[in-house]
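Novice: Following is a predicted model, sequence given first.
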Amino acid sequence: MLILSVEYLHSKNIIHKDLNPWNILIHELENGFGIIKIIDFGHTKKETINTYTDYYNSYEDWKVTASYICPEILKGKNLSNKVDIWVIGIVLYQLLSKGKHPFCSKGFEHIFEIIDRVKSNQQ
């Protein structure tokens, strides 16, 4: 369902740009089934976040979702729907590995150090 939800967004030329587990809700229906709801579309506008520098400078709580930042954002490239696909891969990995993050074997602070290095190299 998550993949179908994101595929629908992309078919409407919407890139979420801040997809992470905290923005993916499962709503249980009366019949016992659930549906996926994606929330927090604050960064979907074209004029907001298009590069890592825009992301880093505009997002006050960046450390909350830093471990879900895709390589395109870190490298300062223009963004495409790949940024949402990247997060789907991480979320699926976490579901299959009991919550482990594929890139956080050294802890989240390690990711933050990498992000800080990338940021300092862009200035």
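Specialist: Yep, that arrived.

Novice: if I look at G42, how far off is H10?
Specialist: 18 Å (Cβ to Cβ, to the nearest Å). Every C-beta, even on glycine, is put in place using the N, C-alpha and C of the backbone.

Novice: any chance you could map the helices in this protein?
Specialist: 2-11, 52-58, 62-65, 71-74, 82-96, 108-122 (DSSP state H).

Novice: Which of the ones you listed has the lowest mean pLDDT?
Specialist: Note on the helices of the chain: helix 52-58 shows the lowest mean pLDDT, a mean of 50.

Novice: Test my guess that S67 contacts Q94.
Specialist: No: counting by Cβ atoms under 8 Å, S67 does not reach Q94; the two are 10.1 Å apart.

Novice: what residues do the two have in common as contacts?
Specialist: H101 (Cβ atoms under 8 Å, 6 or more residues apart in numbering).

Novice: higher neighbour count, the two?
Specialist: S67 (19 against 14; other Cβ atoms under 10 Å).

Novice: I15: what's its closest spatial neighbour, skipping adjacent residues?
Specialist: N81 (5.3 Å; Cβ to Cβ, 6 or more residues apart in numbering).

Novice: whoops, K37 was the one
Specialist: Closest to K37 by Cβ to Cβ, 6+ apart is L25, at 4.4 Å.
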